[in-house]
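Chemist: I would like the atomic coordinates for the input below:
(chains A, B, C and D)
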Protein chains: 4
Amino acid sequence: MIPRYSRPEMVAIWSPETKFRIWFEIEAHATTALANLGVVPREAAETVWEKGSTATFDVERIDAIEREVKHDVIAFLTHLAEIVGPEARFVHQGMTSSDVLDTTFNVQLARATDILLRDMDELLAAIRRRAFEHKMTPTIGRSHGIHAEPTTFGLKLAQAYAEFERCKLRLIEAQREISTCAISGAVGTFANIDPSVEEYVAEQMGLQVEPVSTQVIPRDRHAMYFATLGVIASSIERLATEVRHLQRSEVLEAEEYFSAGQKGSSAMPHKRNPVLTENLTGLARMVRAYALPAMENVALWHERDISHSSVERMIGPDATVTLDFALARLTGVIDKLVVYPENMQKNLDRLGGLVHSQRVLLALTQKGASREDAYRLVQRNAMPVWRGEGEFLTLLKNDPDVTKYLSPEDIEACFDLGYHFKHVDTIFTRVFGSATA
Amino acid sequence: MIPRYSRPEMVAIWSPETKFRIWFEIEAHATTALANLGVVPREAAETVWEKGSTATFDVERIDAIEREVKHDVIAFLTHLAEIVGPEARFVHQGMTSSDVLDTTFNVQLARATDILLRDMDELLAAIRRRAFEHKMTPTIGRSHGIHAEPTTFGLKLAQAYAEFERCKLRLIEAQREISTCAISGAVGTFANIDPSVEEYVAEQMGLQVEPVSTQVIPRDRHAMYFATLGVIASSIERLATEVRHLQRSEVLEAEEYFSAGQKGSSAMPHKRNPVLTENLTGLARMVRAYALPAMENVALWHERDISHSSVERMIGPDATVTLDFALARLTGVIDKLVVYPENMQKNLDRLGGLVHSQRVLLALTQKGASREDAYRLVQRNAMPVWRGEGEFLTLLKNDPDVTKYLSPEDIEACFDLGYHFKHVDTIFTRVFGSATA
Amino acid sequence: MIPRYSRPEMVAIWSPETKFRIWFEIEAHATTALANLGVVPREAAETVWEKGSTATFDVERIDAIEREVKHDVIAFLTHLAEIVGPEARFVHQGMTSSDVLDTTFNVQLARATDILLRDMDELLAAIRRRAFEHKMTPTIGRSHGIHAEPTTFGLKLAQAYAEFERCKLRLIEAQREISTCAISGAVGTFANIDPSVEEYVAEQMGLQVEPVSTQVIPRDRHAMYFATLGVIASSIERLATEVRHLQRSEVLEAEEYFSAGQKGSSAMPHKRNPVLTENLTGLARMVRAYALPAMENVALWHERDISHSSVERMIGPDATVTLDFALARLTGVIDKLVVYPENMQKNLDRLGGLVHSQRVLLALTQKGASREDAYRLVQRNAMPVWRGEGEFLTLLKNDPDVTKYLSPEDIEACFDLGYHFKHVDTIFTRVFGSATA
Amino acid sequence: MIPRYSRPEMVAIWSPETKFRIWFEIEAHATTALANLGVVPREAAETVWEKGSTATFDVERIDAIEREVKHDVIAFLTHLAEIVGPEARFVHQGMTSSDVLDTTFNVQLARATDILLRDMDELLAAIRRRAFEHKMTPTIGRSHGIHAEPTTFGLKLAQAYAEFERCKLRLIEAQREISTCAISGAVGTFANIDPSVEEYVAEQMGLQVEPVSTQVIPRDRHAMYFATLGVIASSIERLATEVRHLQRSEVLEAEEYFSAGQKGSSAMPHKRNPVLTENLTGLARMVRAYALPAMENVALWHERDISHSSVERMIGPDATVTLDFALARLTGVIDKLVVYPENMQKNLDRLGGLVHSQRVLLALTQKGASREDAYRLVQRNAMPVWRGEGEFLTLLKNDPDVTKYLSPEDIEACFDLGYHFKHVDTIFTRVFGSATA
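Modeler: Numbering: from 1, shown residues only, chains lettered A, B, ... in the order given. Below you'll find the model as predicted:
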């Protein structure tokens, strides 16, 4: 996470101020729950809420205390006592630091995911809009980077939409995975704190109870969370790569929006580079990489060790801030993408009709040619076209082995572009629920 | 995937014989669907089923053809024509190789997941059985490898159970992710094949229709699948690491079962090593590693490139076979784990009562000591015990600053082990639905 | 490692036969060294060599014994005793299994690296040949996929040559890293075996002595080895990606060789796909992935645990066999690459002279324009060309703000292609030691 | 990189101030070289140096310009022109942004490595000191976490020393890999700039000339660099894991230094946790993870794309700052490690003499027992000891099948601890060059 690739709302989730505020809420809710049980005086809980709710926690003061006691939660509680007064001794009763830390981390991840889900909705909306705009814009479909058969630019975007909709569902599931609360004490036995405290705090914080914790919330949940972000990053890379390909000089079917004052290159003034999508490709590599230490974090020793903590202090912000930035950047790219339908048509026409080869093949077999023969006939007429030595249509019409099976009209019928688009509506309906915007 | 870490049922899923059988089924179902549409003669479809169903596909013959044509599906179709006869020309009409390959890969993964789910059930059953067996077996809970507070061995296993139950749900979700079928032609436009063929084949093969494919089924699905396996592997590593720790010479609270003829070391005949769980730790590293290339596979170029193929030919079998083996091995380890409750008790008693320090702390604050004072009092009596210079109980009773708050009876009451286990039933009920086996 | 991506010579290194042969050599050399020290009878050592050298080790028999004793080295020694007779009891004296296993693994890796180095030499030779062949073949250099300035196809290959030469040096270094021998006993103290035995075996096996081992040879060596293979794989991916780009329909500056009988697509007979380089891209992902578990293998517990073993049984063969295959495949691709200089020229000419924009910029500043002004002038004439609305040369000549600084002759001089190639010789000399083949 | 795990000197290398200073130096040296060639006026070069050397570059001003022109180098050059005046137009002539950016990144990495090498020397010095201090401190060697044979604590540290010395050599090599300079213009052809400028700048900046660049310095160099950091991190994890194990409650052979005011746990005042080494384990996961995107950065498109840039803006600081912090932390841990030789002895004695089993085995075979028989005899006397049912020495003396071969004196001689340490000097000499400090 670096300022260049950060947005303030997501960064704020990871600020010390936010963290201490969540710590306070968890501690205060727990104190209320303890008061409900009669374990601590009700007035103590009320005082905590009263003084703490309006207080500003002094990050530098807490840091100073931590430098002395070398323990962050104790430092915070000490500072809280400075604010709340003697009633503070009823705070954190029967709890262990991890009760606060782990639940807070999950709250932060859950809130971060709320932002990511909003990002995702905006991305989906942008893709949807452009998909319908170009629903019937013909373009060549490419496999292996080689012209294959016609498709539409809208279909390309429909695929991206379906992919990101899957990503959204995965994100919702990942959020569910980490939305748990543990207030279970030193090794998770509730020895010094009643399970009802956990239930109360969970409900107040909008979380589920962690069924069994061992001081820590189990890290398989977080491994799944960060792995999911890694998969989403990979989908971002896919769409970014598509744009990069489309913007190549020789292809130029689409371009990232290029603002007035922008300079593409200090040396070559004519250049317009797909720098945003190249940047997204790099960011995807980062988010993906963070999945690994998250998986290595799972195998903590016995009831817990703290090796996960340094990892999470880094990837918690790094992964969510970077993904938030990347989703927003991709939304901007798609939203303002400059599309060149005329260049798409030009590219479609480049291969002298070869894109229709499969239809010819099919027509030949339907008229009785063996698959093997049909393949050979098509290939021998295709190869000269490939070398720039003729038009496919003409060559086919002049091949007596072809005309044995197909009349000139039959052959021409194979060259109808519209033929390829007859199921675009079907696919749009599958993806968007309807074939019309 | 190497024989040493493989089980035959899972290996069979990835055999050429199984693959060609699935290819055949997909092609034959598609031919039936085409016959239903009247595109190919019904008798052709029937002949394909008749001759193909009983035929044995000759793997060597197909390989020989592939060496010539350098294309696997064409090689198979050529061989199929040798079996079926001229009607074979109606097979694969309007389809592209990827329709067959991708759907087959998904069928293989889905079937592999059926095995993994069965493995998971067996693992869960073994953990459950041992958890109830040791529900109330006292053992020391450890954070940072350091004695913390008492827990039970059953609680350790209850946590493992809850973790693997999550893993099972993730696996079901991962299976859903990859259980799709695409029969959509060269760039996914259904130009040469009706979408109803896809629907028919999907239903027959027990799959969902892929809403939009682009020759290939999108690889974010597979990235999610293999990432999920990586997370599960990490949970295996966690439980394996627990066993390795418990078997340490100095701990020896549990041991992997050691058969009669087995030799632990060629040099040191007395040794019993936790080799199975160490092995599982290594296997987990492998399964986790496979998640990465799966994520890199997502960003295929345009409608498809074939870079994913070599990766999947390797990690398809490697990840599922290794995970199947690992789950089964872990099940065996847990099932036959030799547990030493007396050693657990011995370890519990090692720290001269220090495990009760938090209770003392709590009792002090409840009697009016400030949290800071209570901490200081407990720590100054704990440190000599830590250095082996006395019993915690005695020292506390002799500390006048302590006895200002607590009577000897109060202090003794803090040393009751049962106190820690009062919520074991609560946790078991959360995890297993009931506190009794 | 799967047969499809394997070559027999490398596979043979990892066969059980090769492994047992190396085990024998290490054990026999150690026995000789012990005889030299007078610890075991000289005749015993001689008998071991005599009977063992000519024997064929029965893999199935050894496996059968292992199934009983569950220890591979003991199984081998038992079988060796069947071959050698009673003198076998002098074999393995004072040694531990890992002395044999770890040294053998290193011998296998060192031999595998010999093959990889030969592969590398062949790849370098192929790149060198094609580099000189196309030393002065003009082609457009591209940054961000966008036309930048002219370069030559030979320069592209010279860069690849320099990169793979670095890879070769890294491979030599990686081989050095793992070429060590440890015969140091149960925890590496030489308690039961003299260090001179280690020295003797090391020398006989062509290895260095491991200065300090702890039953195992430290795994940082292997982590470095597999990380190096991962970097080399990444360089393979780079060159493969270049070819894939060059073969795109719209670019078509080069193509993988396409043999007579080969079929590009079952559906589209005209297609020639860069399937070899796409395949290499996938294989690179795999080799890279293997670096991770190798790094996780470093932190073994205390003097050793065996978690590394399962990883190495898999990645030892997987990484070396796959990399060997990939290097050979890439050599073939480069060796037979079909290059289209005329298409390169055509692409060079596409942008209406824009590739000369930087030279114009420079000429303007040299004639006194400020950098800012020059940039603006060039950009305002470049943009219409970019949109297909004119030739760059013409536009510049008609821009009075340009002609204030530059005469028509000055401008034309900026459009000389040869200007860009004046330092090709310099670079070739840097890379190949000479500018001539 | 987060403040918590950062040290100021390393952080400073990655500050904008440092970056702009290096940019300036490269640009100014290049201008001097151009002046030497007579391409730009000597006075211009001198003015640049004069005004730039003493200037403070205004980071906020540069950022403001960048927000407008969306190009960082142009923004800097614009700001430089504000400082230098009209002579600034001679700066950057014939260069491209990457000439500056890539060379700067390498300078930063090279300087960062200087710090890492110093860290490494300090770590090595600390390990060396403690190794000699405990050269002959007996401790049990453990394989699989199970007691094996005696070793010394000094030998453990000697192994760590040898491992980090290898890491140091790798780091030196990694630094060499990235210490190159490229000033080669838009696609690396030197079209607009003479190669001698590159040579001059390289020499002035203490770098090697990049033999062939393509606008960018090839990223295989950086992949190798970050992979090397990942391997070093793994070695840190190994030593950290050793300390964590030694500090376990049941083992307690060593402890991280625990300062006076420090609190181990908010709940359990007696606890002393190995939090520094657990933290190092987590940091190692992070540094290792950064190797992956660095490897994915290698395959840039054609002459360059900018996907590597976002990755490097993150991992450049993240990896070096984290590794610097981790090395320093590990140095502190080792330097102040509290070692408990008496506990080591206690643990050594735990297994009732079983650690001498291999010596007994050897003695039996030397006296004529077959290896198989000897193994059986030792194991049958070892197993009761393992179960706590007797002393190994006594049992052996009472076993008539043993005493057939060995006299009571022979057996006792096998139980001499010193026997295991006779080669400690040999190993120390190998590792440290001498057996005495």
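Chemist: for the stretch 201-350 of chain A, what spans make up the strands?
Modeler: In the stretch 201-350 of chain A, the strands defined using DSSP state E, counting those that start in this stretch lie at A:208-209, A:254-255, A:338-339.
Chemist: The second one near chain B at all?
Modeler: No - under the criterion of C-beta under 8 Å from any C-beta of the partner chain, strand A:254-255 makes no contact with chain B; the nearest approach is 12.2 Å. All C-beta spots, glycine's among them, are computed from the backbone N, C-alpha and C.
Chemist: Describe which strands that strand pairs with in its sheet and in which direction.
Modeler: Strand A:254-255 pairs in its sheet with strand A:338-339 (antiparallel), by DSSP bridges.
Chemist: thinking again about what came up before, export the strands of the stretch 201-350 of chain A as JSON lines, with columns for mean pLDDT.
Modeler: Shown next, in JSON lines, are those (pLDDT from 0 to 100):
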{"stretch": "strand A:208-209", "mean pLDDT": "98"}
{"stretch": "strand A:254-255", "mean pLDDT": "96"}
{"stretch": "strand A:338-339", "mean pLDDT": "96"}
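Chemist: mind putting those in a markdown table, mean neighbour count included?
Modeler: Listed next are those as a markdown table, based on neighbours: other C-beta atoms under 10 Å in any protein chain shown:
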| stretch | mean neighbour count |
| --- | --- |
| strand A:208-209 | 17 |
| strand A:254-255 | 22 |
| strand A:338-339 | 14 |
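Chemist: Compare these and give me the one nearest B:Leu351.
Modeler: B:Leu351 lies closest, by C-beta to C-beta, to one member of those: strand A:208-209, at 30.9 Å.
Chemist: Tell me which residues are up against that closest one.
Modeler: A:Ser179, A:Thr180, A:Cys181, A:Ala182, A:Glu198, A:Glu199, A:Ala202, B:Arg430 (C-beta atoms under 8 Å, 6 or more residues apart in numbering or on different chains).
Chemist: what's the helix or strand for the residue nearest to A:Leu327 when sequence neighbours are not counted?
Modeler: Spatial nearest neighbour of A:Leu327, excluding adjacent residues (C-beta to C-beta, 6 or more residues apart in numbering or on different chains): A:Asp119 at 3.8 Å. Assessed by DSSP states H and E, A:Asp119 sits inside helix A:97-133.
Chemist: Quick one: name whatever helix or strand follows that helix.
Modeler: Downstream of helix A:97-133, the first helix or strand assigned by DSSP H and E is strand A:138-143.
Chemist: So which elements touch that following strand?
Modeler: Packing partners of strand A:138-143 (3 or more C-beta pairs under 8 Å, 6 or more residues apart in numbering or on different chains; DSSP states H and E): strand A:146-152, helix A:153-178, helix A:341-349.
Chemist: and of those, who's closest to B:Glu391?
Modeler: Distance to B:Glu391, taken as C-beta to C-beta, is lowest for helix A:153-178 among those, at 43.0 Å.
Chemist: Now do the helix or strand just after the closest one: everything it contacts.
Modeler: Next along the chain after helix A:153-178, taking DSSP H and E as the criterion, comes strand A:180-181. For strand A:180-181, the surrounding residues in contact (C-beta under 8 Å, 6+ apart) are A:Thr103, A:Asn106, A:Glu198, A:Val201, A:Ala202, A:Met205, A:Leu207, A:Gln208, A:Val209, A:Glu210, A:Ile217, A:Arg221.
Chemist: Is it correct that A:Ser97 is in contact with A:Phe76?
Modeler: No - A:Ser97 is not in contact with A:Phe76 according to C-beta atoms under 8 Å; the separation is 9.4 Å.
Chemist: Could I get the strands of the stretch 201-350 of chain A in TSV, plus columns for distance to D:Asp324?
Modeler: Shown next, in TSV, are the strands of the stretch 201-350 of chain A (distance: least, C-beta to C-beta, whole Å):
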stretch	distance to D:Asp324
strand A:208-209	40
strand A:254-255	42
strand A:338-339	45
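Chemist: so which of those gets nearest C:Lys397?
Modeler: When the strands of the stretch 201-350 of chain A are compared by C-beta to C-beta, strand A:254-255 sits nearest C:Lys397, at 27.8 Å.
Chemist: now that closest one, how far from the chain's geometric center?
Modeler: 23 Å (C-alpha atoms, centre = their mean, to the nearest Å).
Chemist: likewise stretch A:182-202?
Modeler: With C-alpha atoms, centre = their mean, you get 34 Å for stretch A:182-202.
Chemist: Please identify the buried residues of it?
Modeler: A:182-195, A:197-198, A:200-202 (16 or more other C-beta atoms under 10 Å in any protein chain shown).
Chemist: among those residues, which are in helices?
Modeler: With helices identified by DSSP state H, the entries of those that belong to them are A:Pro195, A:Val197, A:Glu198, A:Tyr200, A:Val201, A:Ala202.
Chemist: what sits against the last one?
Modeler: For A:Ala202, the contact set (C-beta under 8 Å, 6+ apart) comprises A:Thr180, A:Cys181, A:Ile183, A:Gln208, A:Val209.
Chemist: Show me what the last one is bridged to.
Modeler: Applying DSSP bridges to A:Val209 yields these beta-bridge partners: A:Cys181.
Chemist: Check the gap between the closest residue to chain B within the stretch 151-300 of chain A and B:Phe421 for me.
Modeler: Taking C-beta to the nearest C-beta, chain B has its nearest neighbour within the stretch 151-300 of chain A at A:Val187, 3.1 Å off. Separation of A:Val187 from B:Phe421 (C-beta to C-beta, to the nearest Å): 11 Å.
Chemist: and what of A:Pro218?
Modeler: 21 Å.
Chemist: Please apply the same query to A:Leu323.
Modeler: As defined by C-beta to C-beta, A:Leu323 lies at a distance of 43 Å from B:Phe421.
Chemist: higher neighbour count, those two?
Modeler: When A:Leu323 and B:Phe421 are compared for neighbours, A:Leu323 comes out ahead with 28 against 19, by other C-beta atoms under 10 Å in any protein chain shown.
Chemist: what residues are up against the more buried one?
Modeler: Listed by C-beta under 8 Å, 6+ apart, the contact set of A:Leu323 reads A:Leu116, A:Asp119, A:Leu229, A:Ile232, A:Ala233, A:Val287.
Chemist: Apply 6 Å and report the result again.
Modeler: By C-beta atoms under 6 Å, 6 or more residues apart in numbering or on different chains, A:Leu323 lies in contact with A:Leu229, A:Val287.
Chemist: swap in A:Pro408?
Modeler: Going by C-beta under 6 Å, 6+ apart, A:Pro408 touches A:Lys397.
Chemist: repeat for A:Met295
Modeler: When contacts are counted by C-beta under 6 Å, 6+ apart, A:Met295 touches A:Ala223, B:Gly230, B:Ser234, B:Arg288.
Chemist: and what of A:Asp399?
Modeler: Counting by C-beta under 6 Å, 6+ apart, A:Asp399 touches A:Asn381.
Chemist: And it, how far from A:Asp349?
Modeler: Distance of A:Asp399 to A:Asp349, computed by C-beta to C-beta: 22 Å.
Chemist: again with A:His92
Modeler: 73 Å.
Chemist: Comparing the two, which shows the higher neighbour count?
Modeler: Using other C-beta under 10 Å, the more surrounded residue of A:His92 and A:Asp349 is A:His92, with 27 against 12.
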